[in-house]
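Asker: After the sequence you'll find the predicted model.
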Amino acid sequence: MWLHRREPDVDAVSAATPDATWHLTTSTTATTTATLYVEVNQSFDWNDYYSKSRFPDDAIYSGSGQVGQPSVVYAATIDLARPGAYTALNPVGHGHHSGRDGAIVPDLAPLTTALEIVDRIVVKVVEAEG
């Protein structure tokens, strides 16, 4: 999904995240609120719905055999005027099964273990130094 975003720009992209607590520090020029999206995925994460044979005519999904369940998109609107405040992100949908477009599909029903990749995503607002 992030690959298809044009406005606003993507602030950060990571690859294979360690299987542990992970921290990302980023900044914004926004002063009141910002919507934060986090996209999470894991290759080979098959389930009954997203099986290896689910989309035989999709060369990306069927071709590599590495896809599985699509990315899960988490989001929250962050109140930047509240330094020290914590905000939890919640799953709001998933990406296309082979990453074809940047749409967020709100139906989470076909997802299983993809919703268990992360335990929680929490954002803390801090004031910029200096």
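Answerer: That came through fine. Numbers count the residues shown, from 1 in each chain.

Asker: Show me the strands in this protein, by range?
Answerer: 33-40, 72-79, 86-88, 90-94, 122-124 (DSSP state E).

Asker: Find the least confident helix or strand in the protein, judged by mean pLDDT.
Answerer: helix 59-64 (a mean of 76; mean pLDDT, DSSP states H and E).

Asker: end-to-end on stretch 41-57?
Answerer: 22 Å (Cα to Cα, to the nearest Å).

Asker: Check the average confidence over that stretch, would you?
Answerer: Computed over stretch 41-57, the mean pLDDT rounds to 91.

Asker: cool, stretch 87-94 as well?
Answerer: 97.

Asker: List of residues touching that stretch?
Answerer: 36, 38, 69-79, 104-108, 111, 114-115, 120-123, 125 (Cβ atoms under 8 Å, 6 or more residues apart in numbering). (C-beta placed from N, C-alpha, C; glycine too.)

Asker: and with 7 Å instead?
Answerer: 36, 38, 70-76, 78, 104-106, 108, 111, 115, 120-123 (Cβ atoms under 7 Å, 6 or more residues apart in numbering).

Asker: starting at the chain centroid, how far to it?
Answerer: 8 Å (Cα atoms, centre = their mean, to the nearest Å).

Asker: Produce a ChimeraX select command limited to the buried residues of the contacts of stretch 87-94.
Answerer: Buried residues within the contacts of stretch 87-94, by 16 or more other Cβ atoms under 10 Å, are selected in ChimeraX with:
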select :36,38,70,71,72,73,74,75,76,78,104,105,111,121,123
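
Asker: Next, the contact list for Glu127, please.
Answerer: Contacts of Glu127 (Cβ under 7 Å, 6+ apart): Pro83.

Asker: what's the pLDDT at it?
Answerer: 83.

Asker: Which phi and psi values does it adopt?
Answerer: Here is the backbone geometry of Glu127 (degrees, to the nearest 10): phi -80, psi 140.

Asker: I'd like to know how far it sits from Thr28.
Answerer: 12 Å (Cβ to Cβ, to the nearest Å).
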